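Chemist: Task: produce atomic coordinates for the following.
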Amino acid sequence: MSQLPYMLRETAGSLRKNVAMVASLVLVTFISLSFVGAAALMQLQVNHMTDDFHDRLEVSLFLCTEESAEANCPTGAVTDEQRETVEEMLEDGAASQYVDTWRYESQEEALESFVEGREESVRAAALTPEDMPESYRINLLDAEEHPIVSELFAGVPGVENVADQQEVLDQIFGILNGLTVVALIIAAVMILCTILLISTTIRLSAFSRRRETSIMRMVGASKSMIRTPFVFEGVIAAIFGALLACAATWVIAEFLLGQWLPTQVTGVLFITGLDSFVLMPGLLLIAVALAGLSSWLTVRRYLRV
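Modeler: Below is the predicted model:
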C-alpha cells in the first residue's frame, strides 16, 4: 500500500511529460468507443422497435370487392354469409386461439383512414368508399404466430388477401442491423488503432524513463513497482477517453433519438438518454480492459526488469 502514492506520482509525472501522446490516446479511445456506443444504441433502438411493433402488429384480412380479381374472388364482392364465416373463425373457430382482439373496418372507415394526411392528393380526393376494401384488423396473442393466421385465412371465400406488417418490419430491421454491423466494424478498426497507440505511448514513455528504471532496478525495486505506473498511464488515459465516449453516447440518445427524431418520425418508440446509462459501465470496462492488457503486455516485452 505504501508503494501506491509513489506509483501514482510517477504516473502523473509521465502524463505531464507526454501530453501530446496522451491527448492522442484519449481522442482515439473516445472516437473508437463512441462508435461502440453508437452501435449499441442502434441495437437498443432495434430491440425497442421490435418489441413495440410486435405488440402492435396487425394481420389484415382484406375482403373482396366488385373490382377484385376473379381468381381471388370468383363470387364477386364479399357476401354477408362469407363475412359471418370469417367472424366465426375469429371468435370460435380455428383462428380464435391466436387472436387477442379484432375489429371490422368498413369501406367508409377505410377511405377515411386512407385520406387522412392526404387531403391534397388528387387521387385520394377522387376515391369513393366503393374503391376501398372492407377488412378485419387482427391483433395476435403472439406476434410470431402471424404466418399461422395468414395461412388459416388464405383461400377463405370472401377474403381477397391477407397482409401483415412483418415483411416491412423485417426490411427496416435488416437495414438497422446492417448499420449496426457497419458501426461495429468501424469501432473494431478504431479499437485496433487505440491498442497500437497505447503500445506506442507506453514504449515511448518507457524509453524516456529508462534511466530512472535502471536506478530503480539497482536499488531493488520489484517488477510490479516499476511496471505498474506505465499500466496506470495507459488505463487513466483510456478512462478519460471512455468518459468522453459515455458523454457522446448520452448526447446521441437524449437529443438525437429522444428529442429530435420523435418530431420527424411519428408512431415509433425511441430510446432516451436514460437508456444510454446501461451502456456506460460496459464502455468503461472495455477501455480499462484494453488499456490495461495492452499496457501490461507492452511493458513486459519492452521493459526488461
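Chemist: Do I have it right that residue 36 meets residue 283?
Modeler: Yes: Residue 36 lies in contact with residue 283 (CB atoms under 8 Å); the separation is 6.5 Å. The C-beta positions use only the backbone N, C-alpha and C, and glycine is treated the same way.
Chemist: Buried residues, the host helix or strand of residue 86. List them.
Modeler: Assigned by DSSP states H and E, residue 86 belongs to helix 80-91. Buried residues in helix 80-91, defined by neighbour count with 16 or more other CB atoms under 10 Å: 82, 83, 85, 86, 89, 90.
Chemist: farthest pair in these?
Modeler: The span of these, defined through CB to CB, is set by 82 and 90 at 13.2 Å.
Chemist: so what sits against both of residue 36 and residue 283?
Modeler: Counting by CB atoms under 8 Å, 6 or more residues apart in numbering, the residues touching both residue 36 and residue 283 are residue 245.
Chemist: buried residues in stretch 50-60?
Modeler: Neighbour counts over stretch 50-60 (16+ other CB under 10 Å) mark 53, 54, 57, 58, 59, 60 as buried.
Chemist: Just list whatever residues bridge to the residue nearest to the fourth one when sequence neighbours are not counted.
Modeler: Distances taken as CB to CB, 6 or more residues apart in numbering put residue 137 closest to residue 58, at 5.0 Å, once the chain neighbours are dropped. Note on residue 137: beta-bridge partners residue 60, residue 103, judged by DSSP bridges.
Chemist: Against residue 160, how distant is residue 137?
Modeler: 15 Å (CB to CB, to the nearest Å).
Chemist: Between those two, which is the more surrounded one?
Modeler: Neighbours per residue (other CB atoms under 10 Å) separate residue 137 from residue 160, with residue 160 holding more: 21 against 13.
Chemist: Please identify which helix or strand holds the more buried one.
Modeler: Residue 160 belongs to strand 159-164, assigned by DSSP H and E.
Chemist: got the angle for that strand vs helix 80-91?
Modeler: Using axes from the mean of the first three to the mean of the last three CA atoms, to 10 degrees, the direction of strand 159-164 lies 30 degrees away from that of helix 80-91.
Chemist: Please could you give me each C-alpha atom of strand 159-164, formatted as CSV?
Modeler: Only the C-alpha atoms of strand 159-164 are listed here, as CSV (Å, rounded to 0.1, in the frame of the first residue of the first chain):
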residue,chain,number,x,y,z
VAL,A,159,-61.1,-12.9,-48.4
GLU,A,160,-59.1,-11.4,-51.2
ASN,A,161,-55.7,-11.3,-49.5
VAL,A,162,-54.1,-11.5,-46.1
ALA,A,163,-51.4,-9.0,-45.2
ASP,A,164,-49.3,-8.2,-42.2
